[in-house]
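Asker: give me a model of this one.
(3 chains)
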Amino acid sequence: MKRKALAGILAAAMTAGLMVPAAAVSAADATTVSLWIPTLANYTDEAVAEVEEAINAYMADKYGVQVDLQYIEIGNFEKAVNLAMTTDEVDVTCYFTDNGQLATYVANGQLLDITDYFENASDELKATFTEPEIIASSMNGRMYGLVRKYQYGGNEVAVLNKAIAEELGIDAKSITTMDQLEEVLYQAHEAHPEIYTLVPQSAAEMTWGWAAVCDRGIGLTAYAYADWGTTELKSVFETEGFTEFCGYMSKWYADGLIMADALSNTMEGSSMVTAGSAFCTLHNADIDPLDALYPNTVETGEIAPPRAESIAIGNLQYGISANSAHPDESFTVLQALYTDPEFATMLSYGLEGKHYVLNENGRAEYPEGMTAENEPYGGFAATAAYPDFLILPVKETALYEDAKATVEAWDDTVEVSASFGFFYDTTEMTDFVTAYMNLQDKYLNAVMTGSVALEDILPQIKGELESIGFYEVLADTQAALDAYLAEK
Amino acid sequence: MVQHDKIQQTIMHILMIFLVLCCVLPFLLMVMASFTEEQTLIRNGYSFFPEVFSLETYQYILRSAKTIFRGYGMTILVTVIGTFCNLAMPVLFAYPLSRKDLPFRNLLSFILFFTMLFNGGLVPTYMMYANTLHIKNTIWALLIPNLMMNAFYVIMMRSFFTTSIPESLIEAAKLDGASELKILLKVILPLSKPMIVTLVLMVGLNYWNDWMNGMYYVTDNNLNTIQMILNNMIQNVEFLSKSASVMGSDAAMIKMPTVGIRMGIAVIAVLPVMVIYPFLQKYFVKGIVVGGVKG
Amino acid sequence: MKQKAKAKTKTSWKSVFRHWELYAMMVPGLIYLIVNNYIPMAGLVVAFKNYNYKEGIWGSAWCGLKNFKFLFGTRDAGLMIRNTLGYNLVFIITGTVFAIVVAIVLNEIRAALPKKIYQVFILIPYLISMVVVSYIAFAFLSTDAGFINKTMGTRTNWYMTQKYWPFIFVIINLWKSFGYNSIIYYATVIGIDSSLYEAAVVDGASRWQRIWHVTLPGLRPTIITMTLLAVGRVFYSDFGLFYQVPQNSGLLYDVTTTIDVYVYKGLMLLNDVGRSAAAGFFQSICGFILVLTANMVVNKVDKDNALF
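Answerer: As a prediction, the model looks like this:
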């Protein structure tokens, strides 16, 4: 009897383990829609549960749906969502498209085609999006998601350590060219050889701001680049802007200005500048002032004007998983994210009085004694992960009164890619895209950090580009682009 | 002759001491790095004798004690339960395989061995656990997938049973009318202590160092183990160097612990294993038997 | 003849029944293997499908061998297969030889306490996870702050120079695994029947002769099993070693890209389930064929030590 008992217990333990269901879904009869959001800041479970409860009380009355908030660590977000999209776990989700992923999602059938939903949606929703934004979330004329409402692109600045800048009498705002920046860097390097003079903006990436480099991601592809203001497609390594940028970097690197370990760096540039272990980092900027964000720093003048690359519009979107069991309810939630300020505010800022407060000017700020460090619901600190910050109360720290007007004004001044609106179908060329991305990964950061001089390695890069058939693909893309522009 | 022997012994000791230093010093360098003040680390580099000591790393860890110690708790829980199951199930599988008189044992061995080479890949396995068995975001997700029955351990156990347990003992027990389970529990296992202890270490280590299951099957931070916390840091760095620009200036919210802090967390992740394992070590050589026994 | 065969089957069924307790013991393990390994294996069909998330595993359209083209159609195919096989072969050879040498040295050392101490310490690298190893490697190899550059006064850019990495990988792999492998071999060495040694000593054999004629033959079964198991994995690579330790540095891709690394990077980009399945399928099939072949050879040469 005993013998059986043990085997039985083992088997039972196993089966029992297998049977325990995942976190039970909420009780009410209303359909529950799961909403996947990446976390940039800290969210405690208690805070998320409280916010979810409040949201559900509100949503039940207004829309008859419930929302299940799924906050995922940002580094793991894409992986987690991609896996979860194989099942019906995901309903509404955030996704990134900064490396041409939209083509992949569509090719894999991961996203629900929402064209019809959008056509039948409220006028309020339709009015939210501009033509470029709709193009950015579409493939082959079908719409797959809604872009995050955000300012387009950005300009390029440098962030300097305030103490050193003051010590050397540097007038940061007067620096508006790479040559002027160079002068200051050499000056700082001489005065403070013990710290890094220039560090990448984050990890091995010299800068996120492509305003100073070139236009990229043309046609929502990952491989087509062009110099600013032109529509002649090139490999990134052969654009003039990139060549010039890399020229500075390799000179600076050779002279010891740039951290030698740039390629294996794991730190964020601005935090090193803040901490005083580095003097300068290149940085993209937009409507939010950087020196307010990073203590002990000063921001230089504009090194490159505000520009939006082809891929920069709508590089973060919200859509519905093709495997969602409740597409209708999911669209209801998706629409509410952009049109229901009360819902959107609860989702992004948390509960009023608890996670944020509205001051006498009607602007939002941290409750007494709370900071970005200890506020339990991190959404207030990191609104960029949410779909639409234009319908939220303006933050006390903002330099503007009306978010919507400010963003629209910014968008008007931005130089948008000359090829914008053009779309090239890469869904059948995934092998090429993989090979290209590998090739680009191999060299891009190395030459952008100046670790390797572009001119030394360019022949080798060109040879490899040829061997993967890059120039044929580029020629086809160019032909399509020319046809598009002619028609336009 | 004796002289000659002495020289040989000395050479061998020197060789072993050299190897021991090779094994210990790199780890020590990491420990020292976690005690080095951050600016000193950047300026003077990694050193066994840092100029400026600092406990900042460990103060930081204490401040985030809630996350890190919860991670610790999860790691310990998963390791203990996982190790127990991962011993029980393979023992029950290996013992019959070690019995030469069992029909179909070759087939059963093959069924086992085959899993060492073939698997269904991530997505089908994910669907199995997330969709069919619904263990995603439960502790079972850290215990069950992929780790619970390693064919290599079963093969090790089988080898041990066949070589180290005299068949006559089993025969004798059978004549006494003992059931198979009783034989296993009363005769075989007591004789297999070294092997069991060895496997406790190996299996325990697998669970202790695992982050894959967590990465795939857990998105709930409550269930984070210490290795997952380390892995999350690496993934966040990867995100920072790939896609962070989509977050604009908010990307600055992503907390990147300094190199020293990461070294510190790595040290705490390794420490318990280092402390426990020398106690198990004495069983080691007696416990490992690989090969020499055909299935 | 026929009758005899029939009789044999009969007795074997009888003996199956007689051993029901043993089979019952195996049930949990079998259930686990079925759930964890065999049922998901059906999912391997996606290797031959154009996987569509909406359609799922069974609904997606067949695409023949298209997914395998991903592995072989690129410029990198030769590179990653060369790297995967090359490193593994070098790892197997260096690992085995080194571990055997250490095992024999341990056995020959007479002082009991140092012997124990050595055993404790050489296993330390085995306990450390690859993530932590990548931190340690960085502490040594960082250009500005690395221990090596600081001590030697050099400014070698380790993470940018391909030629060093084959050696670095071999050293790290050896460092991490030799202790564990040595202990496995050492366990076999001390298990060798001591009367064999005594006989050798009586015959006047020198230390080297004893090692050559008694110890090494005694190690043979373990060497064969360990190598057979390793051979089955030659198309796989330790992802952490080749991806995390070199910090995913682009300039090193030519020497760090193994099949697993390439597939991982391709997948991060493409989320393509079919391709990852194709890669896994390819690795499994190759490993399977290699193991069967190697096992067949072993069966011919040394029947007792074959795996099955």
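Asker: find the nearest non-adjacent residue to A:Glu124, please.
Answerer: Of all residues not flanking A:Glu124 in the chain, A:Thr339 sits nearest, at 4.9 Å (Cβ to Cβ, 6 or more residues apart in numbering or on different chains). Just so you know, the C-beta spots here come from the backbone N, C-alpha and C atoms, and that holds for glycine as well.
Asker: ditto for A:Leu40
Answerer: Using Cβ to Cβ, 6+ apart, the closest residue to A:Leu40 is A:Ala382 (3.6 Å).
Asker: assess the claim that that neighbour and B:Asp250 are in contact.
Answerer: Yes - in this structure, A:Ala382 is within contact of B:Asp250 by Cβ atoms under 8 Å, at 4.7 Å.
Asker: what touches both of those two?
Answerer: A:Leu40 (Cβ atoms under 8 Å, 6 or more residues apart in numbering or on different chains).
Asker: more neighbours, those two?
Answerer: When A:Ala382 and B:Asp250 are compared for neighbours, A:Ala382 comes out ahead with 24 against 20, by other Cβ atoms under 10 Å in any protein chain shown.
Asker: what's the per-residue pLDDT of that one here?
Answerer: Note on A:Ala382: pLDDT of 84.
Asker: let me see the contact set for it.
Answerer: With contacts defined as Cβ under 8 Å, 6+ apart, A:Ala382 is in contact with A:39-41, B:247, B:250, B:253.
Asker: could I get the residues you listed as JSON lines with secondary structure and pLDDT?
Answerer: Shown next, in JSON lines, are these (DSSP: H, G, I helix; E, B strand; the rest coil; pLDDT from 0 to 100):
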{"residue": "A:Thr39", "secondary structure": "strand", "pLDDT": "89"}
{"residue": "A:Leu40", "secondary structure": "coil", "pLDDT": "83"}
{"residue": "A:Ala41", "secondary structure": "coil", "pLDDT": "82"}
{"residue": "B:Met247", "secondary structure": "helix", "pLDDT": "79"}
{"residue": "B:Asp250", "secondary structure": "helix", "pLDDT": "75"}
{"residue": "B:Met253", "secondary structure": "helix", "pLDDT": "70"}
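Asker: can you tell me which of these is nearest A:Gln70?
Answerer: A:Thr39 (10.0 Å; Cβ to Cβ).
Asker: just to check, the closest one is in contact with A:Glu73?
Answerer: Yes - using Cβ under 8 Å, A:Thr39 is in contact with A:Glu73, at 5.9 Å.
Asker: where in the stretch 51-200 of chain B is pLDDT low?
Answerer: The stretch 51-200 of chain B contains no residues with pLDDT under 70.
Asker: okay, now residue 230: neighbour count?
Answerer: Here I'm looking at chain A. Residues near A:Thr230, counting by other Cβ under 10 Å, number 15.
Asker: can you look at chain B instead?
Answerer: There are 23 residues near B:Leu230, going by other Cβ under 10 Å.
Asker: OK, contacts around it?
Answerer: Counted by Cβ under 8 Å, 6+ apart, B:Leu230 has contacts B:211, B:262, B:265-266, B:269, C:129, C:131-132.
Asker: which of these fall within helices?
Answerer: B:262, B:265-266, B:269, C:131-132 (DSSP state H).
Asker: for the closest residue in space to A:Gly217 that isn't next to it in sequence, list the residues it contacts.
Answerer: Once flanking residues are discounted, A:Gly217 sits nearest to A:Ile311: 2.7 Å by Cβ to Cβ, 6+ apart. The contact partners of A:Ile311, by Cβ under 8 Å, 6+ apart, come to A:97-100, A:216-218, A:220.
Asker: can stretch A:350-358 be found next to chain B?
Answerer: No - residues of stretch A:350-358 are not located near chain B by Cβ under 8 Å from any Cβ of the partner chain, the shortest gap being 15.0 Å.
Asker: and the closest residue to chain A within the stretch 51-200 of chain B, which of the three is it?
Answerer: Nearest residue of the stretch 51-200 of chain B to chain A: B:Leu181, at 3.0 Å (Cβ to the nearest Cβ). Secondary structure for B:Leu181, judged by DSSP: H, G, I helix; E, B strand; the rest coil, is helix.
Asker: got it, and B:Thr162?
Answerer: B:Thr162 - assigned by three-state DSSP - is helix.
Asker: and for it, the neighbour number?
Answerer: B:Thr162, neighbours per other Cβ under 10 Å, totals 19.
Asker: next one: A:Ala480
Answerer: 17.
Asker: let me know whether it touches A:Thr221 as I believe.
Answerer: No - using Cβ under 8 Å, A:Ala480 makes no contact with A:Thr221, being 10.3 Å away.
Asker: what do those two both touch?
Answerer: A:Tyr424.
Asker: kindly report the domain assignment for chain A.
Answerer: For chain A, automatic domain parsing gives the domain ranges A:3-151+A:313-349, A:153-310+A:426-488.
Asker: measure the longest one end to end?
Answerer: Between the start and the finish of domain A:153-310+A:426-488 there is a gap of 23 Å, counting by Cα to Cα, to the nearest Å.
Asker: looking only at pLDDT, what's the mean for it?
Answerer: 91.
Asker: hmm, A:Met178 is touching A:Tyr248, no?
Answerer: Yes - in this structure A:Met178 lies within contact range of A:Tyr248 using Cβ under 8 Å: 5.4 Å.
Asker: between the two, which contacts overlap?
Answerer: Common neighbours of A:Met178 and A:Tyr248 are not found (criterion: Cβ under 8 Å, 6+ apart).
Asker: next one, pLDDT for A:Ala22 please.
Answerer: Reported pLDDT for A:Ala22: 40.
Asker: same check, this time on B:Ser249
Answerer: pLDDT, read off for B:Ser249, is 69.
Asker: same check on C:Phe147?
Answerer: 91.
Asker: now it, what are its backbone angles?
Answerer: Per-residue torsions, C:Phe147: phi -60, psi -40 (degrees, to the nearest 10).
Asker: in chain B, what residue is nearest chain C?
Answerer: Counting by Cβ to the nearest Cβ, chain B gets nearest chain C through B:Pro124, at 2.4 Å.
Asker: what sits against that residue?
Answerer: B:Pro124 neighbours (Cβ under 8 Å, 6+ apart): C:39-44, C:46, C:57, C:277.
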